[in-house]
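Enquirer: Sequence first, predicted coordinates after that:
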Amino acid sequence: MAIGFTATGAAARGPALILYQEDHFGGDSRAINEDQPDLGWIHFDDRVSSVEVHRGVWEMCTDSRYRGRCITVDHDIGRLDRLGFDDRISSVHRLR
Ligand SMILES: [Ca+2]
């Protein structure tokens, strides 16, 4: 598995993380490049159903400021309901 920042092209320039309102990367979305202690600020609180991870390792939590139940994500997840996190995520931050 490749590690580091050697990627070039569109994936390297695009957002690090994309949150989606619907399963399988559908519906409304938010591009994330920095820590978000309260997704309410970008009108996406308790709305995330799937996530694309383009860079880094992120933690997503059910309460604001990275509290509540949290899940670590380092790859795309098409259905957060299978993990018990559908429409519950309220904050996200990058771990590395
Ligand atoms: Ca929540």
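Expert: Received the coordinates, thanks.
Enquirer: C-alpha only now, for contacts and for neighbours.
Expert: Will do.
Enquirer: Show the pLDDT at residue 26.
Expert: In this model, residue 26 is scored at 98, pLDDT.
Enquirer: Contacts only, for it.
Expert: The contact partners of residue 26, taken as CA atoms under 8 Å, 6 or more residues apart in numbering, are residue 20.
Enquirer: Against residue 61, how distant is it?
Expert: Counting by CA to CA, to the nearest Å, the gap from residue 26 to residue 61 is 21 Å.
Enquirer: now residue 15
Expert: Separation of residue 15 from residue 61 (CA to CA): 20 Å.
Enquirer: what about those two, which has more around it?
Expert: A direct count of neighbours by other CA atoms under 10 Å for residue 15 and residue 61 places residue 61 higher, at 23 against 17.
Enquirer: That one touches residue 90, doesn't it?
Expert: Yes: contact between residue 61 and residue 90 holds when scored by CA atoms under 8 Å: they sit 6.0 Å apart.
Enquirer: which residues touch residue 23?
Expert: Residue 23 makes contact with 49-50, 78-80, according to CA under 8 Å, 6+ apart.
Enquirer: for it, phi and psi?
Expert: When quoted as degrees, to the nearest 10, the phi and psi of residue 23 stand at phi -60, psi 150.
Enquirer: which one is residue 72 nearest to, not counting chain neighbours?
Expert: For residue 72, ignoring the flanking residues on the chain, the nearest one in space by CA to CA, 6 or more residues apart in numbering is residue 59 at 4.4 Å.
Enquirer: Counting by contacts, list what the strand or helix carrying that neighbour packs against.
Expert: Secondary structure assigned from DSSP states H and E places residue 59 in strand 58-63. Contact partners of strand 58-63 among helices and strands, from 3 or more CA pairs under 8 Å, 6 or more residues apart in numbering; DSSP states H and E: strand 67-73, strand 91-94.
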